[in-house]
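Enquirer: Just a sequence and a predicted model for now, questions to come.
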Amino acid sequence: MPVWNVIGRRAATAVLLSGCAASSSTLDLEPGHVGVRVVTQDRYYDVRGTTPEEMQATMLANAPMSDGRRVRGRTSWNVRWRYQIRRQGGGCSVEDPRVSLEMIVDLPRWLDSASASDSLVTAWREFYDALHAHEKRHAQISLEGANAVREALSRVQGSCSTLQDVANREGRAVIDRYRRLNREFDEETRHGIAQGAVWPPAWAARPGGPAPPAGPDTSWIALTPGGRVEWQGLHIFEVGGPDGRHVYVRDMEARDSLLVYEHAGTIHVRLSHDGRSILINHDVGQYDRLVVLVEVETGVAHRLDQEVRERFARRPLDPRLRVAPRAVRFSDDDARVLIGMLLVHVDAASTDEAVRLSRAFERRWYVVDVETARVVGEYSGRHQPTKW
């Protein structure tokens, strides 16, 4: 008898593009294995305008929604399988498994390229080509998953009474594995940003704004969407988009812009005295923060809080206290950074208990070498050390 099973998934932040013989997609994928049918369809939303700002505005208005926010692309896909159950001897086996992979892809379509400048057309083409290459790999991973489902089903045999449950469990396990591979690919490429799939282009941002106060204890500067600051011949600015928020640095003499950080949430930046480094304090959750140092010239980012966390974790801590790292300041020569493990939340049953727990908490301060990201000094006390 034939048995059907259906597994569905909705991609929130990745665009999967695919193509095969039975498809209306723009990509050419390797064909599925014998017994695997692939059907894809591209669906477009319109992008209008002849400037990056106009295009970004219509993209934000027209892009599909996923998890309550706009995304540049969205793919719905389903894997279905069917097989015969063959009785042999004292048991049963799966015979002639057939797998179907169906995908619908939402993509942007720019309608005003004929009226735009050559530089904007080139920027869009570079963005789309990078996105195309990134998403083709996503699609290939999904197709490999469909092929693997058929291979797994073809090996199933055993008790006739449990064969159907075993076969469907094997198919679901394969799907879960290839979902993880897609997620890992996104983490590795930052959803294509590392491959150049960034819009608007860096040169489109308009820098400017107030300069931070001078001196060794430069204040933290919050970068919100569209926020920008000027410091020692550099403009540091933030551009928000449907796939996240990006921090750029522009050298005003060379007129070059460099993407140095992609984030979601709130960040604060502190600039080094020589203008070569940016220290980013990134709120990644309600009770957690990352400390990241970015080299302005190269855009290379280093996590400075990892060894700090490891050292602090060795100390006994009341589980009702939540503590997070926060970068405090650069040394005068910009070679070291002072990071404090600070109390950010107390989960107490009463105000009196919260006060008692807070007073009992001993802050810890760590000096981190900028070049090696290693801890080179450690202090305790409620107040940050004045000499370190």
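Expert: Happy to help now that I have it.
Enquirer: remind me which residues of the stretch 201-350 of the chain are low pLDDT?
Expert: By pLDDT under 70, the weakly predicted segments of the stretch 201-350 of the chain are 202-235, 238-245, 249-265.
Enquirer: Could you pull out the strands in it for me?
Expert: Per DSSP state E, counting those that start in this stretch, the stretch 201-350 of the chain carries strands over the ranges 221-223, 228-231, 234-241, 244-251, 256-263, 266-271, 277-285, 288-295, 301-303, 321-330, 336-346.
Enquirer: For the longest one, enumerate the helices and strands it packs against.
Expert: In terms of contacts (3 or more CB pairs under 8 Å, 6 or more residues apart in numbering; DSSP states H and E), strand 336-346 is packed against strand 288-295, helix 306-313, strand 321-330, helix 351-360, strand 364-369. Using the backbone N, CA and C atoms, a C-beta is placed for each residue, glycine as well.
Enquirer: CSV please, covering those and showing mean neighbour count and distance to residue 174.
Expert: Output for these, formatted as CSV (neighbours: other CB atoms under 10 Å; distance: least, CB to CB, whole Å):
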stretch, mean neighbour count, distance to residue 174
strand 288-295, 20, 34
helix 306-313, 16, 34
strand 321-330, 20, 39
helix 351-360, 12, 48
strand 364-369, 20, 43
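Enquirer: biggest strand in this structure, by residue count?
Expert: Secondary structure of the chain per DSSP state E: the longest strand is strand 91-110.
Enquirer: and the angle for the helix or strand that that strand is followed by with strand 91-110?
Expert: Per DSSP states H and E, the first helix or strand lying C-terminal to strand 91-110 is helix 118-154. Helix 118-154 and strand 91-110 meet at an angle of 170 degrees, taking axes from the mean of the first three to the mean of the last three CA atoms, to 10 degrees as the criterion.
Enquirer: quick revisit: tabulate the helices and strands packed on strand 336-346 in a markdown table, adding columns for distance to residue 246.
Expert: Converted to a markdown table, those look like this (distance: least, CB to CB, whole Å):
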| stretch | distance to residue 246 |
| --- | --- |
| strand 288-295 | 12 |
| helix 306-313 | 23 |
| strand 321-330 | 20 |
| helix 351-360 | 37 |
| strand 364-369 | 25 |
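Enquirer: Pull out the CA atoms of stretch 114-130 and give them to me as PDB.
Expert: Only the C-alpha atoms of stretch 114-130 are listed here, as PDB (Å, rounded to 0.1, in the frame of the first residue of the first chain):
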ATOM      1  CA  ALA A 114      16.600  51.800 -16.900                       C
ATOM      2  CA  SER A 115      16.400  55.300 -15.300                       C
ATOM      3  CA  ALA A 116      19.100  54.900 -12.700                       C
ATOM      4  CA  SER A 117      22.800  55.800 -12.800                       C
ATOM      5  CA  ASP A 118      25.400  53.300 -13.900                       C
ATOM      6  CA  SER A 119      26.900  53.200 -10.500                       C
ATOM      7  CA  LEU A 120      23.600  52.200  -8.900                       C
ATOM      8  CA  VAL A 121      22.900  49.600 -11.500                       C
ATOM      9  CA  THR A 122      26.400  48.100 -10.900                       C
ATOM     10  CA  ALA A 123      25.800  48.200  -7.100                       C
ATOM     11  CA  TRP A 124      22.500  46.400  -7.500                       C
ATOM     12  CA  ARG A 125      24.000  43.800  -9.800                       C
ATOM     13  CA  GLU A 126      26.800  43.100  -7.400                       C
ATOM     14  CA  PHE A 127      24.300  42.800  -4.500                       C
ATOM     15  CA  TYR A 128      22.000  40.500  -6.400                       C
ATOM     16  CA  ASP A 129      24.800  38.300  -7.800                       C
ATOM     17  CA  ALA A 130      26.200  37.800  -4.300                       C
END
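Enquirer: In contact with residue 48, which residues?
Expert: By CB atoms under 8 Å, 6 or more residues apart in numbering, the contact list for residue 48 reads 54-55, 58, 110-112.
Enquirer: who wins for most neighbours among those residues?
Expert: For those, the largest neighbour count, defined by other CB atoms under 10 Å, is 24 neighbours, found at residue 55.
Enquirer: if I read this right, it contacts residue 47, doesn't it?
Expert: Yes. Under the criterion of CB atoms under 8 Å, residue 55 makes contact with residue 47 at 5.4 Å.
Enquirer: Give me the common contacts of these two.
Expert: Counting by CB under 8 Å, 6+ apart, the residues touching both residue 55 and residue 47 are residue 110.
Enquirer: just to revisit the earlier point, and the contacts of residue 48, which is closest to residue 290?
Expert: Closest approach to residue 290 among the contacts of residue 48 (CB to CB): residue 55, at 31.1 Å.
Enquirer: Report all helices and strands that the host helix or strand of residue 188 contacts.
Expert: Using DSSP H and E, the element containing residue 188 is helix 163-189. Applying 3+ CB pairs under 8 Å, 6+ apart, one finds that helix 163-189 contacts strand 2-10, strand 74-88, strand 91-110, helix 118-154.
Enquirer: buried residues in it?
Expert: 163-164, 166-168, 170-171, 174-175, 178-179, 182, 185-186, 189 (16 or more other CB atoms under 10 Å).
Enquirer: now, which of those residues sits nearest residue 287?
Expert: residue 186 (24.9 Å).
Enquirer: Farthest from the middle of the chain: give me that residue.
Expert: In terms of distance from the mean C-alpha position of the chain, residue 89 ranks first, at 52.1 Å (CA atoms, centre = their mean).
Enquirer: Can you tell me how far that residue is from residue 83?
Expert: 19 Å (CB to CB, to the nearest Å).
Enquirer: Am I right that residue 273 is in contact with residue 330?
Expert: Yes. Judged on CB under 8 Å, residue 273 makes contact with residue 330 at a distance of 6.6 Å.
Enquirer: and the closest residue to residue 345 other than its chain neighbours, what is it in contact with?
Expert: Nearest non-adjacent residue to residue 345, counting by CB to CB, 6 or more residues apart in numbering: residue 322, 4.0 Å away. The contact partners of residue 322, by CB under 8 Å, 6+ apart, come to 287, 343-347.
Enquirer: With that, I have no additional questions.
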